[in-house]
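Participant: Give me a 3D structure for the following:
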Amino acid sequence: RRFAIREPLNRPDKIIVVLDRERRAQCCGVLANSGQTLLCQKLAEENLAVPLSVVLANRQFECWLFADTTALDGSPLFERPISGLLGTGTDEKNIQAIIKQNLKRGRGWNKIRYGKALAQKLNIDDQTILSRSRSLRKFVKEISPRAF
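Facilitator: This next block holds a predicted model:
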């Protein structure tokens with residue numbers, strides 16, 4: 001008879017689920033709590049206990065990326081500097097519409113390509129950037145090692 005040695009399962013320190021609020025009427029906190037409750041119940045049904053957080057980008061994930069307005073102003077994609085159109089905050093704004101209305105003629109917005117580039121440059125240690133999006137601050141708080 002042969003016995004296999006089983007390695008202990010690798011378990012995550014925490015699961016963070018990120019969703020867009022989009023056009024939903026409920027506030028982000030209510031939606032996040034509902035989602036977290038539902039997911040925790042499903043995990044419990046499978047006898048799994050893992051710290052879990054749900055964070056909603058308010059309204060779109062692009063609200064987080066566009067919080068760094070200086071990264072946008074020099075972009076060759078836009079007709080004009082875009083930071084003035086975003087004001088002091090990006091939450092609750094329809095960033096997709098702002099993008100489409102201000103692209104140079106003949107230019108397109110590739111959400112995956114440009115979103116990835118903006119995400120890679122996003123300085124989440126910059127308090128000015130974080131001040132523009134409450135939902136981004138919530139996400140940064142959840143990914144912080146102190147949150148585990």
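Participant: ok, which stretches of the chain are helices?
Facilitator: Secondary structure of the chain, counting by DSSP state H: helices at 28-45, 62-65, 69-73, 83-86, 95-102, 111-121, 127-131, 134-143.
Participant: What average pLDDT does the longest one get?
Facilitator: Spelled out, that is helix 28-45. The pLDDT scores in helix 28-45 average 95.
Participant: Also compute the angle for it relative to helix 134-143, please.
Facilitator: 30 degrees (axes from the mean of the first three to the mean of the last three Cα atoms, to 10 degrees).
Participant: Sort out which residues of helix 28-45 are buried, please.
Facilitator: The neighbour-count check on helix 28-45 (16 or more other Cβ atoms under 10 Å) flags 28, 31-32, 35, 39-40 as buried. All C-beta atoms are positioned from the backbone trio N, CA, C, and that covers glycine.
Participant: Distance to I95 added to those, as CSV?
Facilitator: Formatted as CSV, these follow (distance: Cβ to Cβ, whole Å):
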residue, distance to I95
C28, 16
L31, 19
A32, 20
G35, 22
L39, 27
C40, 31
